[in-house]
Structure formats: C-alpha cells, structure tokens
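>>> I'd like to go over a predicted model; first the sequence, then the structure.
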2 protein chains.
Amino acid sequence: MRGALDCSSGNNQKTMNRAVRILRIINAEKSEFNEDQASCGKLCIRRCEFGAEEDQEWLTLCPEEFLTGHYWALFDGHGGPAAAILAANTLHSCLRRQLEAVVEGMVAAQPPMHLSGHCICPSDPQFVEEKGIRAEDLVIGALESAFQECDEVIGRELEASGQVGGCTALVAVSLQGKLYVANAGDSRAILVRRDEVRPLSSEFTPETERQRIQQLAFVYPELLAGEFTRLEFPRRLKGDDLGQKVLFRDHHMSGWGYKCVEKSDLKYPLIHGQGRQVSEWPLPRIPLKLPPTESKAPKGCSLPLCALLVHLLGLSAVSSHLPCPQARLLGTLAVSRGLGDHQLRVLDTDIQLKPFLLSVPQVTVLDVDQLELQEEDVVVMATDGLWDVLSNEQVARLVRSFLPGNREDPHRFSELAKMLIHSTQGKDGSPTGEGQVSYDDVSVFVIPLHSHGQGSSGH
Amino acid sequence: MRGALDCSSGNNQKTMNRAVRILRIINAEKSEFNEDQASCGKLCIRRCEFGAEEDQEWLTLCPEEFLTGHYWALFDGHGGPAAAILAANTLHSCLRRQLEAVVEGMVAAQPPMHLSGHCICPSDPQFVEEKGIRAEDLVIGALESAFQECDEVIGRELEASGQVGGCTALVAVSLQGKLYVANAGDSRAILVRRDEVRPLSSEFTPETERQRIQQLAFVYPELLAGEFTRLEFPRRLKGDDLGQKVLFRDHHMSGWGYKCVEKSDLKYPLIHGQGRQVSEWPLPRIPLKLPPTESKAPKGCSLPLCALLVHLLGLSAVSSHLPCPQARLLGTLAVSRGLGDHQLRVLDTDIQLKPFLLSVPQVTVLDVDQLELQEEDVVVMATDGLWDVLSNEQVARLVRSFLPGNREDPHRFSELAKMLIHSTQGKDGSPTGEGQVSYDDVSVFVIPLHSHGQGSSGH
C-alpha cells in the first residue's frame, strides 16, 4: 500500500468532482495503482416535499437545496482498490439519502417523536427531551446507516463485477455548525489548534477490538472451523509450551491470566501480532485466498489478481527477525471495521472474514460554533500511512510551524497537506528529522475550520 | 431497598471480621431486612510453595503471608439479600485464590511468559514487553476471574438452598502501591482530593449497556421469545403510532433514526424507562415471576418470598404521572452486571434474564504511589442509594468541608461516612441543603489513602 494520494481542492468553497480534485499520485512502488481513494464536496440536502430527483448529480449545486454542508472522505483499500473506488463514488450519495430522510427532524428545534410532526401523545416532546435526543443524534444515525448502506452496495457491485477487496472509511461532515467525524478502520482525524491537539477518531483494528472479536468467536465457534484458537498469547505457542502455564487473555478479560497449555492452544491465533507498521515485519503465516468466484482485476489495472493480493499481505515487506508482525485478524486483515470484503476468506479454507468485520463507524461530534476559532485551527485527516510514522504531536508541530510563515499563500492549507506527505516519504529536508519512512499509501486532508478559510485542502 | 448499611472498621489496619464490622443498620422501611451487604479486611496472599491450607480463616493473620493488601466490597442485593450475603462471604476467598494462582508473576520484575519462570524461547521476555503486560494486568485478570468464580458459587448455593436473588458488586483492593477498583453494577467509587474529583468506576445499567444487550437480542432473537421488541423508542408505542415514522435506535446505532412503526414494534421494549431514581416512578408493566423451583426466604428473614420481590420491583414507590420509570431490562432488572440471578425469569414467561447479565467487572487502576498524597485524600465507595441523591461534586464538597474541621478525631473517616449517609436520609440539619431523600439502601466506605490513615471507615 506504499504510495500517496495527492488531491487538492484549494481553500475555497467551490464544489469539486473527483476528476478535478485528484492532482497527483505519489506511488510508493508497492503496486502500479493506488489503494487510497478520496472524495470531497459540497453536501446539499433537499427537503423531501421539493421532490428530490434521484438521478440529479449530487456534486452540482441544487437550486432547491435546503441544508448545505461539506463532506470529506478517505478510503484506504486492501486486496486492490475496487472497494475504495466504489466507496469514494457511493458513500456521499448514501449519506445524502439518509440525511434527506430525516432532514425535517434535523431542522426542528428538537427532533419530533413523529417525523410527520403530528403529536400523538401530548407528552411526546417530553419523552424526546428526557432521552436527550438532539438534531446531531439524527446526523450520527444517518452516518451510521449510510456506512451500512454503502457496504451493501459495495457487496453487490463487487459480486456483480467479479471484483474483490475492502477499504477503511474516514468521513468528516460539516453541517449546521458542527463537524461530524465518522471512522471505520485505522485512518485518523485530529484537531490542531494553537494550544490543543485533540483526537477526533479512534482506530479500529484487531487489537483495539480484540474483546468484540473474541466474544464473537466464543458465541460462534464454528466461525473458526477448528483452525484457529480464540485465545490471545504473547506469542504463538509451540509444542515445547504444552503443559506449561502461560500468559493468556480470553474475551471477557482486559487483564491477563495464566493457563495450562493444551494442544488446541497451539492453533493459529484468531488475532496475531501487534502494532501498526506493516513494513519490515515477517509475513503472516496464513495468507489470503481468492473467493471461489471468477474474479477480474479492478478497472484501470492490468495486474492479475494474485498481484492485487500483494497489497493486503504486505509482501513487499522484507523478512527480518523482529518478533511481532502487525496485528491481523485470522492471519489476514489488519483492520476490523470497514467496507467490502464480502467474499474474503482465509487462504485454503472456507473461513470467512466478513462476520468479524463491522461496517458501522464510530462518530464523534465537534461543536465548531462553540470553539473560539483561530485563523489557523485545522482538522488533519489522514490514512494510516501518515500516522505510522508521525505522532499527533509531531503533526501538530509541523502544522504550527508551517502555517504562520505562509499567511500570504492562498494555497497554504494545500501546501501543508503536501508537506505532511513529503515528510513521510523520506524526502531530503523532511522537516520531521525523524528519518522514518512510510511504505504505505498516504492521503491527507487539511481542513481549515475558520470561516474565512472554509473548504478543504487535500493531499 | 431503602435502608442504610452502617459498618465501621475504624481508621487503622487491624483485620476485621464481619460480625465486628457491622455496627448499625439504618433500615429504610422498604423491608425488614437490608439488601446492601459489605465486606472488608486484610488481604494475605500466600505463595503456593508454602502450602496453602484451604480451610484457614482468610481474615486472620497468616504467618506465611507473602503479599499483603486490603479489600473493601459493597454488594447491593435485589430480589432479597441472599446473593449479596453469599457474595460478601465468598468473593474475597475467590480473589485470594485467583491472586495466589498468579502471585509468582506479580512479584517478578515483569510477569514471565511461563509461570514456572523457565524460558522456552530466548525472546519470551521481549514478547511480554511488547504486549505491555505488567504485574497490574495479572491483578486485573484475577479480579475478573474472581467475580466469575464467585458468580458460579452463588449460582450453585442459591440452587442448593432454594433461594433467589442477585446483587451488584463494587470492590476496591489496595495492593503493591496501587488501588484496584472492580465494578459490576451501579455502585460507584470516586477519588476526592483537595483539587480533584475523579471517578474510579462506571455504572453498568440497561441504559449504559444498551448496545451490548440489543446486540445479544439481535444475535439470539429466541431470548425474547417473541414477547419483547429489541428496538428502543422514546416511549412505549401504541396502536395510534402504527404506520407513523418514529424515533428509534437499534443495536448498531449510537445516533437516532426514524422508522415506520409495524405491529411488532408495539411489543414491550427489551430496555424500557430511563434514569436511576426508583422512587416515585410508576411500576414497570412486566414484573418478575419466581423461578419454578421451590424457594425459601433468605436466612434470618421470616418474610415470604413474595415480599422479597418487593425490593426488586420497587413496589414501595408511589404511582405518579411522571413519564419515565427507571430503565429496566426486560421490565425487570435495573442493572446489567452483577452476581446471581441465575433463575430469574420475566413474570409469567420462561424468558431468562441471566443471558443478558455479565458477572465480569470493569477494573480501573489508581497508581497511589504516583499521587502526591495529602492527609485528606480519600476514596468514597457507595451503593446507588447515595449517588441517586448526591452528585460526585456534592460528595466532594461534603468531604472537604468535614475533614479539615475534624483533624483531631481519630474516627473522622468513620464519622464522614455516617454523615454522608445521614445527608441522604432527610435528617434535620442535613448539610446538603438539597432536600433530596434516598428511598434506597445506602452503604458507604470512606478509604483514606494517606499511609498514616490507611485502613477504612465504612458506613
């Protein structure tokens, strides 16, 4: 997944389409195409009674627009770019549809119990009040539903076209004075202000979702087909460990205990490895297999499918003696939430990954109207390629050192996004001074929050 | 559950037994007996090779003691005091056993991969290091396992004696310079310092665990036997709502959406009501039924079983027109974690509560050695009866106003615990000035953290 998607919208509020937006691709030599995809644009939410025309181009101005917002999305593909491309082309439409279905509730002083506004019980407004339901809860619900709808669309499209793959999804939506960040996967968004660095998302990986995944395998042991052990150990066990008491964790434990090793504990672990960095680790022992359906390479890519899988498996990594590979689910996937992967199976088995994956995002809300915004307050969204080599604090330092010196540059947010990518590519004069290089695709959006600079700059 | 368990150990390190500890019971007139139970004492963890004698009294000094700590526990019973009494008599033994099983790992510089200390792979210490496994993770694991073991013991004992009921459990353990707080239920522990109030636990109720509970009903719809709806609505729906689009949430949603009401949505909700206060709310529509086994009242109680259930159902509450009853699971239970309830069923059905309940606690760790302790830094542990009427900040204000004026009183931590209870009982001169009265049992421990005052004072 080495490479860098470099896309820019300029720092104005113009609507964009993807052809214009994508300016440059820095390919990381892991493959000939890029698995990171992005999408951004103006969000026009129409009232139902105006008669939405379903075939209208979403990214053009709608004269009957009712609520206007902005949308930015990053998709980090694996197993090929097909799912990421579909998500970049689809998710905003799903979101618009979901928001339009509840827009009447969003614009009311308080969401009504009945969308029609008719009050069936006189105390209905009190019930809504007591539950603390606000307009933002409808946006959160719409984002959650849109991710799921998009996942279903991707599943159908991949099956129909014989393609495979999956992707993470990180979406930011600016609407009614709030910024919503919805994340399913291991991309990340942070708020950078003069005196504050605030994470706006959490990552979802086999490590961070260990207990949910182990719990599912406990409830449905048949999902492991007798090939994997649900338990976590500090390393994979071997024959010499039999009969010994070793450190372990099961689904109900956040702490550790000791258990006496039995033969079944020697199976390959449901979740194995740890950390994020994919390069320079040994290969996972159980790689992927193709679904038993006839498969084609994604459009625009002439590589055979076996090459597509290279990305997912990190085969470009060099072998070494470091003990821990990146944490993977069923020896295969390094993320536990995202879109796609409907047909993904563990190599040489019928063991499916999809039951363990969630398409639903976690949504956080930033009340932008409540912030005393400074000119240089920004949100940085990026795929894991950036965060593998730069910490939140390092990114914040780069932001704070770059923006004040470039106040006159109308493209300074764009340039900042480019600079952040360059600092992961081992370019001469990289301002990090850390000497770390990302071997993954890297995509970055820098979103200025101050109204004078509203819009986005993506790289 | 009105009443107050009033127990005191004085502020010294002497070991205590329960007969000495319980000084006084303030009964809240909800029943003739008290559903809150408590337990505290010195914790002596022996090394296995010293040959633990299983029948030795835990609360007496052990000459072969190896690690010494302190233990405080509160249990808030429902459906009678039987489970709470069993938990107060059992959980510390389970914990000691679990800790003794891993003590060799706890006292090592780093827990070894193999409890024997033999190194099978030369890099085993690195694997443990990379997972970040520390001694405190073994204590957390031991607490998690002890709660589960205790729950199994309670299940067997209740069945054998024909008793019923369940209880919440809140445990604090001081060990190796750290304070561990393990919580399963809706009791709460907070740290109160001169400039800081820090929650040391979260509550587990049908509301806070809504998504976990709805998810289980989604995976196993048969658990609802067609009698309940998994979905959450702002109020219970009725015939007039049919065909309307109303606010709802399902298991995957943290936000809200609208759905068109179908007939199945009119069923009683899996989780219904909201908030904590049990008094002054209307009764739940679906009360409990007794298990079909022969049942006896708990020891020391001459009430028939139908009276026991009064507590669980809050029948002492007066009816009113306030719209929201306390949130309950399957119309029955107001907590979602705890011990016991193995036989609990929804009235007139075979629908079991136990599959939805977790006995595993959430454990937080306070690194006491890292705090710059002041003389008057305390941990306040209390059952929900206290927190129903006093916020964390109100309790902190009471602590800070009481302790400095009573520096000469050797029993001031005891007196503080008593004062906190009185301030929930509507006593004249109650220092809260809030006029709120708890109709529930109230039990309070005040634990001074400063070494000069170590020990505990419970009320």
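Perfect, thanks for sending it. Residues are numbered from 1 along each chain as shown, chains lettered A, B, ... in the order given.

>>> Tell me the pLDDT of residue A:451.
You'll see residue A:451 listed with a pLDDT of 70.

>>> same deal with residue A:72?
Reported pLDDT for residue A:72: 96.

>>> cool, and residue A:11?
So, for residue A:11, pLDDT stands at 31.

>>> Residue A:378 now?
So residue A:378 comes in at 96 (pLDDT).

>>> Find the closest residue to chain B in the stretch 51-200 of chain A.
Residue nearest to chain B within the stretch 51-200 of chain A: residue A:140 (2.8 Å; CB to the nearest CB). Bear in mind the C-beta positions are built from the backbone N, C-alpha and C, glycine included.

>>> Give me the residues contacting stretch A:362-375.
If you take CB atoms under 8 Å, 6 or more residues apart in numbering or on different chains as the criterion, stretch A:362-375 is touched by A:136, A:139-140, A:143-144, A:174, A:177-184, A:191, A:193-194, A:200-202, A:204, A:377, A:379, A:449-453, B:254-255.

>>> Quick check: mean pLDDT of stretch A:82-100?
On average, stretch A:82-100 scores 96.

>>> circling back: any idea what sits nearest the residue of the stretch 51-200 of chain A closest to chain B, other than its immediate chain neighbours?
Distance criterion CB to CB, 6 or more residues apart in numbering or on different chains; nearest residue to residue A:140, sequence neighbours excluded, is residue B:255 at 2.8 Å.

>>> With residue A:164 instead?
In space, and not counting its chain neighbours, residue A:164 is closest to residue A:79: 5.4 Å by CB to CB, 6+ apart.

>>> next one: residue A:75
Nearest to residue A:75 is residue A:84, by CB to CB, 6+ apart, at 4.0 Å.

>>> longest strand in chain A, by residue count?
The longest strand of chain A (DSSP state E) is strand A:65-78.

>>> packing partners for the next helix or strand after that one?
Where DSSP states H and E defines the elements, the next helix or strand beyond strand A:65-78 is helix A:82-107. If you count contacts as 3 or more CB pairs under 8 Å, 6 or more residues apart in numbering or on different chains; DSSP states H and E, helix A:82-107 packs onto strand A:36-46, strand A:65-78, helix A:135-161, strand A:166-167, strand A:169-175, strand A:339-340, strand B:257-260.

>>> Tabulate the ones you listed (CSV), appending mean neighbour count.
Converted to CSV, the helices and strands packed on helix A:82-107 look like this (neighbours: other CB atoms under 10 Å in any protein chain shown):
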stretch, mean neighbour count
strand A:36-46, 24
strand A:65-78, 24
helix A:135-161, 22
strand A:166-167, 32
strand A:169-175, 26
strand A:339-340, 32
strand B:257-260, 18
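
>>> so where's chain A shaky on pLDDT?
Along chain A, segments meeting pLDDT under 70 span A:1-33, A:47-65, A:275-325, A:426-436, A:452-459.

>>> tally of neighbours for residue A:177?
10 (other CB atoms under 10 Å in any protein chain shown).

>>> next one: residue A:219
By the criterion of other CB under 10 Å, residue A:219 has 13 neighbours.

>>> surely it meets residue B:219?
Yes. Between residue A:219 and residue B:219 a contact is recorded at 6.6 Å, counting by CB atoms under 8 Å.

>>> quick one on the thing from earlier: return the distance of the residue of the stretch 51-200 of chain A closest to chain B relative to residue A:173.
Remark: distance between residue A:140 and residue A:173 (CB to CB, to the nearest Å) = 10 Å.

>>> same check, this time on residue A:75
Distance, residue A:75 to residue A:173, by CB to CB: 15 Å.

>>> hang on, the earlier thing: give the pairing partners of the longest strand of chain A; include direction for each.
According to DSSP bridges, strand A:65-78 forms sheet pairs with strand A:36-46 (antiparallel), strand A:166-167 (antiparallel), strand A:169-175 (antiparallel).

>>> Direction included, what does whatever helix or strand comes next after the last one pair against?
Tracing the chain past strand A:169-175, the next element assigned as helix or strand by DSSP H and E is strand A:178-184. Under the criterion DSSP bridges, strand A:178-184 sits next to strand A:169-175 (antiparallel), strand A:362-366 (antiparallel) in its sheet.

>>> Of the ones you listed, which is nearest residue A:338?
Residue A:338 lies closest to strand A:169-175 among the strands paired with strand A:178-184, at 6.2 Å (CB to CB).

>>> how far is that closest one from where the chain is centred?
Chain-centre distance of strand A:169-175: 11 Å, with CA atoms, centre = their mean, to the nearest Å.

>>> Between helix A:82-107 and that strand, find me the angle.
Here strand A:169-175 runs at an angle of 30 degrees relative to helix A:82-107 (axes from the mean of the first three to the mean of the last three CA atoms, to 10 degrees).

>>> Let me have the strands paired with strand A:65-78 in CSV, adding distance to residue A:336 as columns.
Formatted as CSV, the strands paired with strand A:65-78 follow (distance: least, CB to CB, whole Å):
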stretch, distance to residue A:336
strand A:36-46, 19
strand A:166-167, 11
strand A:169-175, 13
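
>>> quick one, which of these is nearest to residue A:250?
Of the strands paired with strand A:65-78, nearest to residue A:250 by CB to CB is strand A:166-167, at 27.4 Å.

>>> Touching the closest one from outside, list them.
Here strand A:166-167 makes contact (CB under 8 Å, 6+ apart) with A:35, A:37, A:75-79, A:83-84, A:87, A:185, A:333, A:338-341, A:344, A:357.

>>> can you give me phi and psi for the closest residue to chain B within the stretch 151-300 of chain A?
Closest approach between the stretch 151-300 of chain A and chain B, counting by CB to the nearest CB: residue A:255, at 2.8 Å. When read as degrees, to the nearest 10, the backbone of residue A:255 gives phi -90, psi -170.

>>> Show the contacting residues for it.
Residue A:255 makes contact with A:249, B:136-144, B:363 under the criterion CB under 8 Å, 6+ apart.

>>> Just say helix, strand or coil for the residue in the stretch 301-450 of chain A positioned nearest to chain B.
Closest approach between the stretch 301-450 of chain A and chain B, counting by CB to the nearest CB: residue A:360, at 4.6 Å. In three-state terms, and counting by DSSP: H, G, I helix; E, B strand; the rest coil, residue A:360 is coil.

>>> Just list the residues touching the residue nearest to it when sequence neighbours are not counted, thanks.
What sits nearest to residue A:360 in space, not counting adjacent residues and going by CB to CB, 6+ apart, is residue B:252, at 4.6 Å. Contact partners of residue B:252, counting by CB under 8 Å, 6+ apart, are A:144, A:148, A:358, A:360, B:211, B:215.

>>> okay but the fifth one is in contact with residue B:254, surely?
Going back to what we said before, that points to residue B:211. Yes. Using CB under 8 Å, residue B:211 is in contact with residue B:254, at 7.3 Å.

>>> Give me the three-state assignment for residue A:111.
Here residue A:111 is recorded as coil under three-state DSSP.

>>> how far does stretch A:138-146 sit from the chain's center?
Averaging C-alpha positions (CA atoms, centre = their mean) puts stretch A:138-146 16 Å from its chain's average.

>>> Touching that stretch from outside, list them.
With contact meaning CB under 8 Å, 6+ apart, stretch A:138-146 is reached by A:91, A:94-95, A:97-99, A:101-102, A:105-106, A:111, A:171, A:173, A:175-176, A:178, A:180, A:182, A:360-361, A:363, A:365, B:249, B:252-257.
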